[in-house]
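what shape does this take:
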Amino acid sequence: MDEVVLTAAGLYVIVLLRAGGTFAVGWLAGAGVRRGRLAERISSAKFQRAERAIQRWGAPVVALSFLTVGFQTAANFLAGSMRMPLPRYLPALFVGGAGWALVYATVGIGALDLLAKLFAEKTVLGVAAVTALVLVVGGVLVYRRRKARQANRETVADEA
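Residues are numbered from 1 along each chain as shown. Now for the predicted structure:
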């Protein structure tokens, strides 16, 4: 149990720094956009209504984003660029970050324990499990890169 608590605490600090930093970068980027050439468009009534909606309902989206893969960075950046007030953002960060840390600490430690048992008791099975995992992750990465390249080619062809 101490192992889970220590791991979760470490992961919690990491996620607070990473997500809080992403929010800060979004905040700074939002300030730059508001001073740049797009300032007139951003000051429109339509944009301000959208910004108020994100500020009002964005905190649950930010908190739940920590339970997703790949969306949490975008949610934190958007919250910063849309100037979500800190009294709304920080509770979402603390709750969502705690959920993320607990899930990754418990599932991560469980997975490592399982692999350790597999390697200790049935080494062949452990090697097979790690090999399968590496192959699946590699396949997903290759698939995503090919799909991204194809989308870029289609975009370039459409622009031409």
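
ok, which stretches of the chain are helices?
2-35, 39-42, 45-65, 71-81, 86-121, 123-159 (DSSP state H).

tell me, which of these is the model least confident about?
Here the helices of the chain differ in mean pLDDT, and the lowest is helix 39-42 at a mean of 59.

deepest of the helices of the chain, which one?
Mean neighbour count (mean count of other Cβ atoms under 10 Å) peaks for helix 71-81 among those, with a mean of 20. Just so you know, the C-beta spots here come from the backbone N, C-alpha and C atoms, and that holds for glycine as well.

between it and helix 86-121, how many degrees?
Angular relation of helix 71-81 and helix 86-121 on a 0 to 180 degree scale: 160 degrees, by axes from the mean of the first three to the mean of the last three Cα atoms, to 10 degrees.

residues in contact with helix 71-81?
Helix 71-81 has contacts (Cβ atoms under 8 Å, 6 or more residues apart in numbering) with 19-20, 22-30, 33, 54, 58, 61-62, 65-66, 89, 92-93, 96, 100.

and the residue most central in space within the chain, how far from G110?
The chain has Q72 as the residue nearest its centroid, 2.8 Å off, counting by Cα atoms, centre = their mean. Distance check for Q72 against G110: by Cβ to Cβ, to the nearest Å, it reads 22 Å.

much appreciated, bye for now.
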